[in-house]
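[1] model the structure of this input:
(chains A and B)
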Amino acid sequence: MPIINYRTREINCKIVYVGPSLGGKTTNINVIHGLIPQNNRTELQSIDTEGDRTLFFDYFSMDLDDIHGFKTKFLIYGVPGQPYYRSTRKMVLNGVDGMVFVADSDKSRLQDNIESLLDLKSMLAEYGYDYSSIPLVFQYNKRDLFFITPVEEFEEVLNDRSCRSFEAIAIEGKGVVQTFRAVCAEVILKLNETLSQQYGSYKS
Amino acid sequence: MTSKKDTTAPGLSRRRRRDPSATGFYSLSSQCLDTVQEALKQLTADSQARCALVVDRTGCVMASEGKYPETMGATAAATIAALNEMVATASSPEVSVRFYGSEVDQIHFVLLQKRLVLCLLYSRNVTTEQVRSAARTFVNAIGPQIEQDRQRNLEDEATLIQSVNYIESKLDELFKDQLH
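    Numbering: from 1, shown residues only, chains lettered A, B, ... in the order given. Have a look, this model is predicted:
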């Protein structure tokens, strides 16, 4: 859930990139980080293995300038995808406000995508979070491969909530920003709904 | 969701309960955070710590005093979570990390409130007891105030909602070259 800091006048939202190993989560984060002006972001921190595979998480935060007296900060995390790292993955999901599920379009990895999503649902349930109510966006990555899972099949087997989804070739930067923009929008929409429910609408 | 056990008591224990905060938002008032800030200043003076932070378990820095690495909120929250996975630390609200044979800073964590952690970095010249004592004073003074602050309503909600309404346009501005 977003954290509102009235002293620093900041709204903090946590976005986590999830999905199977080697699906392109870290690539997405690297691309986004590279596109944000330096004064709007922190350094990218990766706790990874010697082989550059994510061990704990990839992390940076992005600041949006002052809007009506409040700054918005997005804390962006990527988790390790390998099944072995389930416990670290789960830790990073604590307090998540929005998720991007980066699916690997390689036809041979369809089952990995399905298992990764099932694992995500189970971890959220262990925290007591409702999977169906957390903002989520799907990204079908590696669309440049030869043997790929059709989007229609992904929609059927993964996207059971009819969330927004995007095709991407993250390594070329394609579809990355659109995905990120969409998840931010979903998080903001949810925050807005929550605030409006409690305090009414102040739209100008 | 597996356990319904009450885990509100201090302690770096594993938590498996339904988190009511999974929806909505979490906030502390500016008045409360001013008090926390003053107390952090006093804490760093008393303990001679290089820096002191109050970090949310999700990795967000709520208040800080002194210089610290910019990603420390995330790594501190992750460290606490990782320690919880490694050893059963139920009923222990404090953890110290000591490094031997080098000049790097020592680390001390104290659970401040069920979702907040106090994190201190201090040099080898300062004793752990000195840090622990000052940290305990801080927690005893601030913990109840934070708990009480959670009972109040949001402040300045009109401005907040207006601000949220404009976040998307800020994002579009930031990524205008990529989106159009």
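[2] for the longest helix seen in chain B, packing partners?
    As assigned by DSSP state H, the longest helix anywhere in chain B is helix B:128-149. For helix B:128-149, the packing partners by 3 or more C-beta pairs under 8 Å, 6 or more residues apart in numbering or on different chains; DSSP states H and E come out as helix B:30-47, strand B:94-97, strand B:106-113, strand B:116-122. For the C-beta atoms, the positions are set from N, CA and C on the backbone; glycine is no exception.
[3] just the angle between the longest one and strand B:116-122, please?
    Spelled out, it's helix B:30-47. 30 degrees (axes from the mean of the first three to the mean of the last three C-alpha atoms, to 10 degrees).
[4] how far off helix B:128-149 does helix B:30-47 point, in degrees?
    Relative orientation of helix B:30-47 and helix B:128-149, computed by the same axes, to 10 degrees: 170 degrees.
[5] how about the secondary structure of the residue nearest in space to the middle of chain B?
    The residue lying closest to the centre of chain B (C-alpha atoms, centre = their mean) is B:V55, at 1.7 Å. Following DSSP: H, G, I helix; E, B strand; the rest coil, we place B:V55 in the strand state.
[6] hmm, B:L120 and it touching each other?
    No - using C-beta atoms under 8 Å as the test, B:V55 is too far from B:L120 to be in contact (11.0 Å).
[7] could I get the helices and strands packed on helix B:128-149 as CSV with mean pLDDT?
    Shown next, in CSV, are the helices and strands packed on helix B:128-149 (pLDDT from 0 to 100):
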stretch, mean pLDDT
helix B:30-47, 93
strand B:94-97, 86
strand B:106-113, 90
strand B:116-122, 93
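[8] what's the most buried one of those?
    With neighbours defined as mean count of other C-beta atoms under 10 Å in any protein chain shown, those peak in mean count at strand B:116-122, which reaches a mean of 25.
[9] sheet partners, orientation included, of that one?
    Here strand B:116-122 is paired, per DSSP bridges, with strand B:51-56 (antiparallel), strand B:106-113 (antiparallel).
[10] do you know which of those strands lies nearest B:T127?
    Of all these, the one in closest proximity to B:T127, counting by C-beta to C-beta, is strand B:106-113 (9.7 Å).
[11] now what about the closest one, what contacts it?
    Residues outside strand B:106-113 that contact it (C-beta atoms under 8 Å, 6 or more residues apart in numbering or on different chains): B:10-12, B:49, B:54, B:76, B:79-80, B:93-99, B:117-124, B:126, B:128, B:131-132, B:135-136, B:138-139, B:142-143, B:146-147.
[12] buried subset of those residues?
    B:10-12, B:49, B:54, B:76, B:79-80, B:93-95, B:117-122, B:126, B:131-132, B:135, B:138-139, B:142-143, B:146 (16 or more other C-beta atoms under 10 Å in any protein chain shown).
[13] for A:E156, see how far away B:E157 is.
    According to C-beta to C-beta, to the nearest Å, B:E157 and A:E156 sit 42 Å apart.
[14] same check, this time on B:L171
    Applying C-beta to C-beta to B:L171 and A:E156 gives a distance of 30 Å.
[15] comparing those two, which residue is more hemmed in?
    Comparing B:L171 with A:E156 by other C-beta atoms under 10 Å in any protein chain shown, the one with more neighbours is B:L171, at 21 against 10.
[16] quick check, that one in a strand?
    No - per three-state DSSP, B:L171 lies outside any strand segment and is helix.
[17] hang on, it packs against A:C184?
    Yes - between B:L171 and A:C184 there is a contact under C-beta under 8 Å: 5.6 Å.
[18] which pLDDT does the model give A:A185?
    A:A185 is assigned 92 on the pLDDT scale.
[19] which SSE is it in?
    Counting by DSSP states H and E, the element that carries A:A185 is helix A:176-199.
[20] figure out how far that helix is from the centre of its chain.
    Centroid displacement of helix A:176-199 relative to its chain, using C-alpha atoms, centre = their mean, to the nearest Å, is 13 Å.
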